[in-house]
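Colleague: Quick one, what's the 3D model for this:
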Amino acid sequence: DGDLTVYGAGTTTTFNGGVITADSIEYNDAIILSDGVTQTLTSTLGGITLQNPGNVNGSTGPGTEHFILNSSGNVFIGGRIGEVVPLDYLTINAQDNVTFGNTVVVAGDLVITDAAQVTFGSDVIVLGNLIIGDSADLSRIEGVTFATGAELNVSGNVEIYTEGVVEFRANIGRDYQAVN
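Modeller: I've put the predicted structure just below:
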């Protein structure tokens, strides 16, 4: 046990699949998921932070990449998700807040099952479904905010389940086909 902190050169850390577990996790690097892998990051006491630059991308192969973040604290992603190659699936379970500081592009589904407040700081493009919360338990999400200027474009369904407030401070679109 203990914290895991990575200070990369800002070029890239490549994940080849598997599970990384630590008390808290901080990556100060760009991240690429290898073709066809499922990569799980689990923090058992603190949060998960991806920053400096904090960009997360899939690979260009024919496989499906699935990135799973399980946090007993906050999840903060400061960089762009899918800036170069979109992830196929992104799943987040957090005890506290989930914050995206930049653009999110996912080729499949974006699922956030548990969180206090979910905040999108920039555009969100999901070519599958966007699912936040659980229809059987509305208390799992306290609220959702799309910040000023953060447009939401989803090709599939948008499902947001919460007892709290959902704020859209920009445009909402559908059938967004192009990724770049």
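
Colleague: Mind checking what secondary structure the closest residue to S59 other than its chain neighbours has?
Modeller: Using C-beta to C-beta, 6 or more residues apart in numbering and skipping the chain neighbours, the partner closest in space to S59 is D35 (4.3 Å). All C-beta spots, glycine's among them, are computed from the backbone N, C-alpha and C. Recorded secondary structure, D35: coil (DSSP: H, G, I helix; E, B strand; the rest coil).

Colleague: same check, this time on G156
Modeller: At G156, secondary structure determined by three-state DSSP is coil.

Colleague: In contact with it, which residues?
Modeller: Shown in contact with G156 (C-beta atoms under 8 Å, 6 or more residues apart in numbering): 109, 126-130.

Colleague: What distance do you get for the residue lying closest to L45 once chain neighbours are set aside to G47?
Modeller: Leaving aside its sequence neighbours, L45 sits nearest to D23 (C-beta to C-beta, 6+ apart; 4.2 Å). To G47, D23 is 10 Å away according to C-beta to C-beta, to the nearest Å.

Colleague: the more surrounded of those two?
Modeller: G47 (21 against 15; other C-beta atoms under 10 Å).

Colleague: where does the chain have its least confident helix or strand?
Modeller: Ranked by mean pLDDT, DSSP states H and E, the helix or strand of the chain with the weakest confidence is strand 172-174, at a mean of 65.

Colleague: Give me the below-cutoff pLDDT ranges for the protein.
Modeller: 10, 173-180 (pLDDT under 70).
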